[in-house]
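Asker: okay, here's the prediction I keep looking at, along with the sequence it came from:
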Amino acid sequence: MSNTTANLSDLQPKYTTFQLTALVILRMLIGWHLIYEGITKVINPYWSSAGYLLESKWIFSEWFKSIVANPTALKVVDFLNEWGLIAIGLGLLAGFLTRIATIAGIVLLILYYFANPPFVGLIYSMPTEGSYLVVNKTLIEAAALFVLAAFPTGSKIGLDIFLFRKNKS
């Protein structure tokens, strides 16, 4: 073995079993939550994102409301929302294309947050499940995905092991 190879292996981060387990549990919990949210939307024939988008009060509110005004755009957004949640959740749960699933999850959750942020002075007709000020569970889940994006959990425990296997010759 050459010195270069030995030096490169020294640069690989080493995770304790506890660290890796904690990260994978977090990834799988978020994955399960997103899959469940997607499935409940798919099986409910009356579900639509229209109500949520019409409640928008912040910087993209006109864009979100224009989606509702266009029936085709609304159908596309509903489809992408339902199946995007399921695909992202499956990727996280199985550790498959984990980096892509993590980044897609962050983008989706940030869009949810931008649509209905918990800011002072913004009053929504739909009740929330708690009292939030700036930080809500959507932002926390997006931040947790951001943390997960920094760690290659899928290539340690997940299907990414097989997808991104390096040939050792």
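Answerer: Ah, there it is. Numbering: from 1, shown residues only.
Asker: any idea how far V77 lies from D160?
Answerer: Per Cβ to Cβ, to the nearest Å, V77 is found 29 Å from D160. From N, CA and C alone the C-beta is placed, and that goes for glycine too.
Asker: which of the helices and strands in this structure ranks last by mean pLDDT?
Answerer: helix 3-11 (a mean of 54; mean pLDDT, DSSP states H and E).
Asker: I'd like the next helix or strand past that one.
Answerer: Following helix 3-11 in sequence order, the next helix or strand is helix 17-43 (DSSP states H and E).
Asker: low pLDDT regions in this structure?
Answerer: 1-13, 120-128, 166-169 (pLDDT under 70).
Asker: hmm, try it at 50
Answerer: In the prediction, the chain carries residues with pLDDT under 50 at positions 1, 168-169.
Asker: what number of residues lie near G51?
Answerer: 11 (other Cβ atoms under 10 Å).
Asker: give me the three-state assignment for it.
Answerer: In the three-state summary, G51 is assigned as helix, counting by DSSP: H, G, I helix; E, B strand; the rest coil.
Asker: any idea how far it lies from F64?
Answerer: Distance from G51 to F64, by Cβ to Cβ: 11 Å.
Asker: count of residues packed around G91?
Answerer: Neighbour tally, G91, other Cβ under 10 Å: 26.
Asker: my bad, V76
Answerer: 12.
Asker: how about the contacts made by it?
Answerer: Residues near V76 by Cβ atoms under 8 Å, 6 or more residues apart in numbering: none.
Asker: just the helices in the chain please.
Answerer: 3-11, 17-43, 50-54, 61-69, 71-94, 98-115, 137-149, 153-156, 160-163 (DSSP state H).
Asker: what angle do the second one and helix 71-94 make?
Answerer: Inter-element angle recorded for helix 17-43 and helix 71-94: 150 degrees (by axes from the mean of the first three to the mean of the last three Cα atoms, to 10 degrees).
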